[in-house]
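Novice: Sharing a sequence plus its predicted fold:
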Amino acid sequence: MVDLTFNSPLVNHNSQVFSPQNTIKFSALSHKLQQIQSFDTQRTFNMFSIYRPRSQNHNIFSFEHGKALAFSDYKLSNLKLGHINAAQGRKFRPRKERNNLSSGDMLKIKTFNGYKLGSVELGYGEKKRNRHFVLMAKSVLNGENVVEKEGNGGVSMETNKYDAIVIGSGIGGLVAATQLAVKGARVLVLEKYVIPGGSSGYYQRDGYTFDVGSSVMFGFSDKGNLNLITQALAAVGCEMEVIPDPTTVHFHLSNDLSVQVHREYSEFIAELTSKFPHEKEGILAFYDECWKIFNALNSLELKSLEEPIYLFGQFFQKPLECLTLAYYLPQNTGDIARKYIKDPQLLSFIDAECFIVSTVNALQTPMINASMVLCDRHFGGINYPVGGVGGIAKALANGLVDQGSEILYKANVTGIVLEDGKAVGVRLSDGREFFAKTIISNATRWDTFGKLLKGEKLPKEEENFQKVYVKAPSFLSIHMGVKAEVLPPDTDCHHFVLEDSWTRLEEPYGSIFLSIPTVLDSSLAPEGRHILHIFTTSSIEDWQGMSQKDYNAKKELVADEIISRLEKKLFPGLKKSIVFKEVGTPKTHRRYLGRDKGTYGPMPRGTPKGLLGMPFNTTGIDNLYCVGDSCFPGQGVIAVAFSGVMCAHRVAADIGLEKKAPVLDAALLKLLGWLRTLA
Ligand SMILES: NC(=O)c1ccc[n+]([C@@H]2O[C@H](COP(=O)([O-])OP(=O)(O)OC[C@H]3O[C@@H](n4cnc5c(N)ncnc54)[C@H](O)[C@@H]3O)[C@@H](O)[C@H]2O)c1
Ligand SMILES: CC(C)=CCC/C(C)=C/C=C/C(C)=C/C=C/C(C)=C/C=C/C=C(C)/C=C/C=C(C)/C=C/C=C(\C)CCC=C(C)C
């Protein structure tokens, strides 16, 4: 049952008129309300649609009932009609006639089950052949923390000052935000999309729950110090049920080399040495060296390496481990592998091991990063969250609100406001401005400095970053629902396929990633179905400058080729078993994730000096910090979670929530800046 109280009359499709203050009980009226997203059944609603078939050209709306209506206990009240710009930047003229809801109208919903809401926008969209109007919660606020004010032609100006504003709710942004919130900071997260998570988000279609990005979660165990995702959730009182994955990845490589990376380290080593018996010693020596680094990392309490009191404290408490890490900081995996291994095919296998987590070969992959992933998969193991990867971001976003901080969706930041060269606030595409002591950008560095600070001189630090790192290509991704019987029994969850020559490893469309999360969690798909999430590297340049028709045709063609390869290599009959298919291109990633060229993240331009050149969280602009994959230690959900932890610590010290030593700070930041120039 949903109760909506309007303070303007509203007409439904049976021409019933609801007077102001009338309560509409949807179930009683058998109106259908479709909830597109309801990511938190406990306290927030996100978006629902009011459909209007094209044939109806008057402003009367019917409500369609969808599944998972999670509104049962909620009451919306005090709806007020206003007018604003509709979604997707379209402008609608204010209506004289205020009796009916019109496209472009804004519903002001003041409260929602005790929570205050900013505004709800009646926007415009297309779904299949029907035009539909979308009612979207532009902001869901907690308790008394109302950040919007009316007036100014629908544009609100913010007067409250936050400790931190986080631009973007990827895992990097959410971890930074939640860590700060638990330290007592008042944080506002601004997310341009309608749900949290960014590349670690989810979407639902036809009964399937798809992970937007990969389904391989490192750092999600209950052991050690490196389970940063588990720790980030625990910090805000959340724990997720997980399903252990017995095989991190099943490699299907050239020359019919097949290697399963078993959860049990000894089984993996036994499998690899059975394929390369002549390299047994080399294999053991290489992976042992990875363990040395992993164990050093795992012994530290992980906080900001840009904060001297912590850093020197760790050197004092764990000198050997810190020196080990300092020694490996500028080193790459390929060089170390070559110390022990000679077989070219085995070295190519190590390349593939690195490529799946860094999108570059072993010679370009920092040894610390490789050690982290090559060992964590055996130490804590890869664990899949029940209900899908999107649950992690949802839980963090809820945890943030529980801590008294806020998250606004559909809040597209278009500029960072500077005052005397310092970051003081942000400006949204609808003109609203918010101010805070510190601004943390979870957009990539290219987007932060190229778009949000457009017109400002690029700081030297960023120039250096762009000299050393380029944007990695994006992905072509295919989300499919298939008949379950097409998968042989005991199919693994994750696969990496490179059927041709090793030289194709890094080429666009050369290798194929495949995840079948329903192998672990069958609740993600309707009964008798599996999800196949297929992705392969692809550049945006390949998808530009063509008509919509050609673009669609190309999507079909390229997807078909990839599916044919999988059919040939792994699953005969795959094509016939497809019951759902959706193809995303680099343009899709750019659009939904706001990432320049849809990039997967940074990759070194040449051979890097390990992690030495990777910037941490502070930037050349006072009070502006970056978090996410264009910060140390780079791409990966666990990696950006670490960047979030580091960022929160550095910001907390700067706003007085953690200890700070200004003189040491200046010296350390200078030293780290200089070290980066050596990369
Ligand atoms: N699980 C996977 O395999 C998988 C898949 C893809 C990416 N990833 C990982 O996730 C990492 C990225 O995480 P992240 O935290 O750095 O970022 P992210 O790209 O996941 O999230 C950034 C968020 O910021 C939002 N945003 C961007 N610009 C904005 C703006 N101007 N205003 C408001 N919001 C804005 C985006 O909508 C997005 O939600 C990648 O490196 C990658 O390794 C993982
Ligand atoms: C400062 C100075 C100078 C010095 C000092 C020394 C020291 C103390 C140092 C320290 C350091 C540290 C702590 C570091 C740390 C690091 C870390 C944590 C790292 C991490 C990393 C991670 C990573 C990289 C990850 C990644 C991952 C990824 C990317 C993933 C992905 C996945 C996918 C894509 C999937 C696949 C799929 C299939 C196959 C299907």
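Specialist: Perfect, thanks for sending it. Numbers count the residues shown, from 1 in each chain. Ligands and ions are numbered 1, 2, ... in the order given.
Novice: Show the subsequent helix or strand relative to the helix or strand where D288 lies.
Specialist: Per DSSP states H and E, D288 falls inside helix 280-299. Using DSSP H and E, the helix or strand that follows helix 280-299 in sequence is helix 308-317.
Novice: returning to what we had before: what's the helix holding D288 packed up against?
Specialist: On a contact count with 3 or more C-beta pairs under 8 Å, 6 or more residues apart in numbering; DSSP states H and E, helix 280-299 meets helix 265-275, helix 319-328, helix 333-340, helix 344-358, helix 367-376. Any C-beta I mention is one placed from the backbone N, CA and C, and that applies to glycine too.
Novice: same thing but at 6 Å, please
Specialist: Packed against helix 280-299, as judged by 3 or more C-beta pairs under 6 Å, 6 or more residues apart in numbering; DSSP states H and E, are the following elements: helix 265-275, helix 319-328, helix 333-340, helix 367-376.
Novice: out of those, deepest packed?
Specialist: Sort these by mean neighbour count, taking mean count of other C-beta atoms under 10 Å, and helix 367-376 sits at the top with a mean of 24.
Novice: Near ligand 2, which residues of the chain are found?
Specialist: Residues of the chain lying close to ligand 2 by C-beta under 6 Å from any ligand atom are 214, 216, 218, 249, 297, 300, 302, 305, 314, 322, 325-326, 329, 356-357, 368-369, 372-373, 494-496, 513-515, 633-636, 638-639, 642, 675.
Novice: quick one on the thing from earlier: state the separation between the helix holding D288 and the centre of the chain it belongs to.
Specialist: Computed by C-alpha atoms, centre = their mean, to the nearest Å, the chain-centroid distance of helix 280-299 equals 30 Å.
Novice: next one: stretch 383-395
Specialist: 12 Å.
Novice: How about stretch 520-531?
Specialist: For stretch 520-531, the distance to the chain centre is 23 Å (C-alpha atoms, centre = their mean).
Novice: Then stretch 332-344?
Specialist: The chain centre lies 33 Å from the centre of stretch 332-344; the measure is C-alpha atoms, centre = their mean.
Novice: for the record, mean pLDDT for it?
Specialist: The average pLDDT within stretch 332-344 is 98.
Novice: hmm, who's touching it?
Specialist: Contacts with stretch 332-344, where a contact means C-beta atoms under 6 Å, 6 or more residues apart in numbering, come from 276, 279, 282, 285-286, 289, 347, 350, 354, 362-363, 365, 367, 370, 610.
Novice: Buried ones only from those, please, as a ChimeraX command.
Specialist: Selection of buried members from the contacts of stretch 332-344 for ChimeraX, criterion 16 or more other C-beta atoms under 10 Å:
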select :276,279,282,286,289,347,350,354,362,363,365,367,370,610
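Novice: ok, the contacts of stretch 332-344 vs P572, which is closest?
Specialist: Using C-beta to C-beta, F276 comes nearest to P572 of the contacts of stretch 332-344, at 29.1 Å.
Novice: Distance check, the residue lying closest to that closest one once chain neighbours are set aside against K275.
Specialist: Using C-beta to C-beta, 6 or more residues apart in numbering and skipping residues adjacent in sequence, the residue nearest F276 is L346, 4.9 Å away. The spacing between L346 and K275, counted by C-beta to C-beta, to the nearest Å, is 8 Å.
Novice: Angles on the backbone of the residue in the stretch 51-200 of the chain positioned nearest to ligand 2, please.
Specialist: Nearest residue of the stretch 51-200 of the chain to ligand 2: S199, at 9.8 Å (C-beta to the nearest ligand atom). Main-chain dihedrals, S199, degrees, to the nearest 10: phi -70, psi -10.
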